[in-house]
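1. Requesting a structural model of the entry that follows:
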Amino acid sequence: MNYVELIDPIVALAGQAGDAILEVYASDFDVQSKGDESPLTQADLASNRQIVSGLAEMTPDLPVISEETGLPTYGERSKWPTYWLIDPLDGTREFVNRNGEFTVNIALIADGRPVFGVVHVPVQGKTYVGCEGHGAELRADGEQPKPIHVAQNSAQPVRVVGSRSHRGASLDAFIENLGDCDLVPMGSSLKFCVVAEGGADIYPRLGPTSEWDTAAAQAVVEQAGGSVVTLDGKPMKYNQKEDILNPHFMVIGATDHDWLALLPDRE
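-> Next comes the predicted model:
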């Protein structure tokens, strides 16, 4: 499969999903709760319909896993060498709080790796792309695509991006071990993207996430020269087990620190 040929149509599809989200965003929408108590809105469902139907038309032979359509058994999906993994609205809490920090995530997984990813930011009118064989770029409305790359060296003080909605004691301990730093709070997969474009040096995620939360943005980071590693230093992989929860991980831009050594005691 030529992943580069997917860029324009998937960027367009993510934009259409973003438009569907913004229609709801501008309204007096209702918020429901899913089984895990996470919020759900009509925007999640409208975006999901747009993406799933678009992918079915574009790549009818590839299966799709979406946060909003249920998870096939591992026995079934373990047989899939390549599949789409999507989060139609990542950062629903940010959506509900109306701070604009939510995204549309569309990733292509091949042999357990995110080889292609698009992260669209509806409120900002911009889209991050990571594509094996092409690199990473930022597309803003009305502008030419701009290549992006992680920072070569950490800023002084180090810029740490952290979750706006899911901060915890482990992140506080990491920051204490790091010393002087600037913490940039942010929602959704935007945290990955700010590392990918060199706006932050490190993003330690020491709390729960699911595979559809991270796959598209991981492709962007990796194609921008960064890495996403679990706490044993290995690249984070996908579709390796029955559940879809990620282990804790770090999104690394600049490599001039031993970031893993700064983690709190994990015994």
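2. For the stretch 1-150 of the chain, just list every one of the strands.
-> 32-33, 39-40, 64-66, 82-90, 103-110, 113-121, 126-131, 135-140, 146-147 (DSSP state E, counting those that start in this stretch).
3. Between strand 113-121 and the fourth one, find me the angle.
-> Okay, so that is strand 82-90. 30 degrees (axes from the mean of the first three to the mean of the last three Cα atoms, to 10 degrees).
4. Please apply the same query to the fifth one.
-> An angle of 160 degrees separates the directions of strand 103-110 and strand 113-121 when computed by the same axes, to 10 degrees.
5. What ranges does this protein have for its helices?
-> For the chain, applying DSSP state H gives helices covering 7-25, 42-58, 74-77, 92-97, 169-178, 190-196, 211-223.
6. Quick one: closest of those helices to Gln144.
-> Using Cβ to Cβ as the measure, helix 7-25 is the one of the helices of the chain that comes nearest Gln144, at 13.2 Å. Yep, even glycine has a C-beta here, placed from its N, CA and C like the rest.
7. now the closest one: mean pLDDT?
-> Mean pLDDT, taken over the full extent of helix 7-25, equals 96.
8. Residues touching that helix, excluding its own?
-> Contacts to helix 7-25, defined as Cβ atoms under 8 Å, 6 or more residues apart in numbering, come from residues 41-43, 46-47, 49-51, 54-55, 58, 88-89, 95, 98, 102, 104, 106, 116, 118-123, 127, 129, 131, 134, 139.
9. and the angle for that helix with strand 82-90?
-> 30 degrees.
10. For helix 7-25, buried residues please.
-> The neighbour-count check on helix 7-25 (16 or more other Cβ atoms under 10 Å) flags 7, 10-11, 13-18, 20-21, 24-25 as buried.
11. and of those, the nearest to Tyr203?
-> Set against Tyr203, the nearest of the buried residues of helix 7-25 by Cβ to Cβ is Ala14 (21.7 Å).
12. wait, what's in contact with the nearest residue to that closest one once chain neighbours are set aside?
-> Among residues not flanking Ala14 along the chain, His120 sits closest, at 3.8 Å (Cβ to Cβ, 6 or more residues apart in numbering). By Cβ under 8 Å, 6+ apart, the contact list for His120 reads Val11, Ala14, Gly15, Ala17, Gly18, Thr103, Val104, Ile106, Lys126, Thr127, Tyr128.
13. Let me know the distance separating the second one from Gly142.
-> The gap separating Ala14 from Gly142 is 17 Å, by Cβ to Cβ, to the nearest Å.
14. so where's the protein shaky on pLDDT?
-> Across the chain, the ranges flagged by pLDDT under 70 are 33-39, 164-167, 266-267.
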